[in-house]
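**Student:** Sharing a model that was predicted from the sequence below.
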Amino acid sequence: MKNTKIIQDLEKLGIKGNYEVVYNPSYEELYQAEVSSENQGFEKAELTESGAVSVKTGIFTGRSPKDRYIVQDDVTRDTIFWDGKVNLPTTAEIFGSCKELVLNQLAESKKIYVVDTFCGTNADTRLKVRFIVEVAWQAHFVTNMFIRPSHYELENFGEPDFTVINGSKTINPNWEAQGLNSENFIMFNLTEKLQIIGGTWYGGEMKKGMFAMMNYYLPLKGMASMHCSANVGEKGDVALFFGLSGTGKTTLSADPKRYLIGDDEHGWDNNGVFNYEGGCYAKVIDLSEEKEPDIFAAIKRDALLENVVVNNGIADYTDGSITENTRVSYPIYHINKIVLPSKAGHAKKIVYLSADAFGVLPPVSILNEDQAQYHFLCGYTSKLAGTERGITEPQPSFSPAFGEAFLTLHPTMYSKTLIGKMQEHGAKAYLVNTGWNGTGKRISLKDTRAIIDAIIDGSIDNAPKTQVPIMNLEIPTELPNVSTGILDPRDTYESASEWEEKAKDLASRYIKNFEQYCDTEEGKKLVASGPQLQEQTI
Ligand SMILES: Nc1ncnc2c1ncn2[C@@H]1O[C@H](COP(=O)(O)OP(=O)(O)O)[C@@H](O)[C@H]1O
Ligand SMILES: C=C(OP(=O)(O)O)C(=O)O
Ligand SMILES: [Mn+2]
């Protein structure tokens, strides 16, 4: 019954062929299809010792932001933030020609997987997203990452709100004449409610693609839409962890003392914080059972490893020879302590994670209200190797809302909605450096975890404090279970002047970056909360 309707839907979209449709396959069906000996090239998956299967995604082992376009038309012209960098415009005609390529690619398939999912926990704001793919492990990936409707919800799914068609095996031969970046494309058409993908096999494009769409629809309804992980304690106390890729959202939100809400994408409405996803996408480079026991244990049957080196069925997490961005996706229930459905009350603690490659930022700073806004707009961090094509070593970057790559509206839409919620609910913000310090090494996970504990249990607010000049940040000088001598970054250098020199360099980058927000009185007012090159007398 269902399949006849699905085939009709596919034909209506323009996928006409002699394919078999597999609708919302079970994990067992996915497994059989993934390891089938008929698979070619990057379709192939192999079973590993933990029970998880492992795949390779070819040359794309991270997202490809330069190949990402949004159709500029009457719907998007005045809403999308056309910054010339993140949201690249294309025409309905070019979209149409790429869509044709993807449809023709799928029409040739023997089998098409159609996976209906939800993006967003709450019925009033979720998107019903339909994925149409020809590769079994891509169907597995979206089954892991998105919210799996119950049998009843599938029966009553109705028309999808958004459709993603993945034609990763096809490329666009006309890209040059069309003025595109390459033969690969990730394109969105908000009028057609359609995302199409060609050329890249990286799963993150499907996951982060729908995040960008939630980042469009929710703030327009007054909700905060956030690139953060979230967890909740026994007492219902919710904490959010904002951060760019590799800063520790997934790692730090998997905390055995707390219940996980989600590891990457959340909304905040009048009832509280809710997850967009139904799974997690963790980095596994150098993963160890000892340091990250929850994530390690989540890698079992139904988990899907990407670009991990596997020797005789044994995954080698220390090997970054394919990419530094080795990953695993798993359904959220692979983590023991979770809340389901993935939502909780209002957040009280907001942590901004920054992996500072300069070694200047303190491991933790306590932010006042203006600083909370300033640092959210700055979103300073270092891009780490791997998650984006062409990034091979850490690069300092300012990424508004700690997620510039996924913002479809102007950055101030995200700061307004978030800061509004924070003020309404008395949430406090902290800036945590999970990156480097003067020792040249990354701050240890153990120390960061103890810092997070002190933020969550409130002991940081009662700790002795001092002011770090230039960066203009207040820091605690002592915290329970945190190594001595690391809280003030100046102490980790041979001499404080070494730190000062680097701090001045970083401060001037902050100041320069913030100029873009100084065309309003509101923005100008925030400058005093940021780093300062001159002595302050307040
Ligand atoms: N002090 C630290 N805090 C957080 N993560 C750390 C730290 N030191 C090293 N790491 C490593 O950095 C990576 C953080 O990645 P992840 O949690 O997946 O980031 P995100 O979810 O923000 O992309 C993990 O591989 C983790 O082991
Ligand atoms: C999947 C991604 O997100 P993150 O690294 O934040 O987990 C990504 O940026 O491609
Ligand atoms: Mn993550």
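**Tutor:** Noted; the coordinates are in hand. Ligands and ions are numbered 1, 2, ... in the order given.
**Student:** Flag every residue of the stretch 1-150 of the chain that's near ligand 2.
**Tutor:** For the stretch 1-150 of the chain, the contact set with ligand 2 under C-beta under 6 Å from any ligand atom comprises R63. For every residue, glycine as well, the C-beta is placed using N, CA and C.
**Student:** Please work out which residue of the stretch 51-200 of the chain is closest to ligand 3.
**Tutor:** When C-beta to the ion is the measure, the stretch 51-200 of the chain has its nearest residue to ligand 3 at M145, with 11.2 Å between them.
**Student:** Let me see the confidence value for the residue nearest to that residue when sequence neighbours are not counted.
**Tutor:** When the adjacent residues along the chain are set aside, M145 lies closest to G279, with 4.4 Å between them (C-beta to C-beta, 6 or more residues apart in numbering). We note a pLDDT of 98 for G279 in this prediction.
**Student:** what do you get for G386?
**Tutor:** Reported pLDDT for G386: 57.
**Student:** The one 5 residues further on too?
**Tutor:** Looking at I391, its pLDDT is 59.
**Student:** Over to I538?
**Tutor:** pLDDT for I538: 47.
**Student:** Show residues contacting stretch 527-534.
**Tutor:** The list of residues contacting stretch 527-534 from outside it, by C-beta atoms under 8 Å, 6 or more residues apart in numbering, reads 368, 370-371, 373-375, 378, 469-472, 503-504, 506-508, 510-511, 514, 518, 536, 538.
**Student:** Revised request: answer the last question for stretch 446-462.
**Tutor:** 233, 237, 239, 248, 252, 255, 257-258, 349, 351, 363-364, 366, 428, 430, 432, 434, 463, 476, 479-483, 486.
**Student:** about what we covered before: tell me what the residue nearest to M145 is bridged to.
**Tutor:** In this structure, G279 has beta-bridge partners P331, where bridges are defined by DSSP bridges.
**Student:** What about it, how many residues nearby?
**Tutor:** Other residues near G279 come to 29 when the count uses other C-beta atoms under 10 Å.
**Student:** Does it touch I335 like I think?
**Tutor:** No - taking C-beta atoms under 8 Å as the definition, G279 is not a contact partner of I335, at 9.7 Å.
**Student:** In the stretch 51-200 of the chain, what residue spans correspond to helices?
**Tutor:** Applying DSSP state H, counting those that start in this stretch to the stretch 51-200 of the chain gives helices spanning 92-107, 136-145, 151-155.
**Student:** Give me whichever of those helices is most buried.
**Tutor:** helix 136-145 (a mean of 27; mean count of other C-beta atoms under 10 Å).
**Student:** among the contacts of stretch 527-534, which are in helices?
**Tutor:** Secondary structure of the contacts of stretch 527-534 is defined by DSSP state H; positions in helices are 370-371, 373-375, 378, 503-504, 506-508, 510-511, 514.
**Student:** Near ligand 3, which residues of the chain? Just list them.
**Tutor:** Taking C-beta under 5 Å from the ion as the contact definition, the chain meets ligand 3 at K249, T250, D264.
**Student:** hang on, the second one packs against A230?
**Tutor:** No - with contact defined as C-beta under 8 Å, T250 does not reach A230; the gap is 11.4 Å.
**Student:** Looking at these two, which is more packed in?
**Tutor:** Comparing T250 with A230 by neighbour count (other C-beta under 10 Å), the higher total belongs to A230, at 30 against 25.
**Student:** which SSE is that one in?
**Tutor:** If you go by DSSP states H and E, A230 is part of strand 228-232.
**Student:** chain center to that strand, what's the gap?
**Tutor:** Averaging C-alpha coordinates over strand 228-232 and over its chain gives two centres that are 12 Å apart (C-alpha atoms, centre = their mean, to the nearest Å).
**Student:** Could you look up the SS state of the residue sitting nearest the centre point of the chain?
**Tutor:** With distances taken as C-alpha atoms, centre = their mean, D264 lies nearest the centre of the chain, 4.8 Å away. Assigned by DSSP: H, G, I helix; E, B strand; the rest coil, the conformation of D264 is coil.
**Student:** Next, it: phi, psi?
**Tutor:** phi -150, psi -40 (degrees, to the nearest 10).
**Student:** Tell me how far it lies from ligand 2.
**Tutor:** Applying C-beta to the nearest ligand atom, to the nearest Å, the value for D264 to ligand 2 is 5 Å.
**Student:** pretty sure that residue is touching T251, no?
**Tutor:** No - D264 sits out of contact with T251 when judged by C-beta under 8 Å, with a separation of 11.7 Å.
**Student:** To what extent is the nearest residue to Y510 once chain neighbours are set aside buried, counted in neighbours?
**Tutor:** When the adjacent residues along the chain are set aside, Y510 lies closest to P531, with 4.6 Å between them (C-beta to C-beta, 6+ apart). By the criterion of other C-beta under 10 Å, P531 has 24 neighbours.
**Student:** number of nearby residues for A463?
**Tutor:** When neighbours are defined as other C-beta under 10 Å, A463 has 18 of them.
**Student:** tell me the pLDDT at it?
**Tutor:** Reading off the confidence values, A463 has pLDDT 98.
**Student:** Show the contacting residues for V310.
**Tutor:** E46, T48, S54, D316.
**Student:** Next, count neighbours for R449.
**Tutor:** The number of residues packed around R449, counting by other C-beta under 10 Å, is 18.
**Student:** same question, S483
**Tutor:** With neighbours defined by other C-beta under 10 Å, the count for S483 comes to 13.
**Student:** what's around the nearest residue to it once chain neighbours are set aside, how many residues?
**Tutor:** Beyond its immediate neighbours in the sequence, the residue positioned closest to S483 (C-beta to C-beta, 6+ apart) is D447, lying 5.5 Å away. Number of residues near D447 (other C-beta under 10 Å) recorded here: 19.
**Student:** Distance of D447 relative to T251?
**Tutor:** 13 Å (C-beta to C-beta, to the nearest Å).
**Student:** again, but for G243
**Tutor:** Taken as C-beta to C-beta, the spacing of G243 relative to T251 amounts to 10 Å.
**Student:** L30 too?
**Tutor:** Spatial separation of L30 from T251 under the definition C-beta to C-beta is 27 Å.
**Student:** V310 now?
**Tutor:** Per C-beta to C-beta, V310 is found 22 Å from T251.
**Student:** cool, and Q195?
**Tutor:** Note on Q195: its distance to T251, by C-beta to C-beta, is 28 Å.
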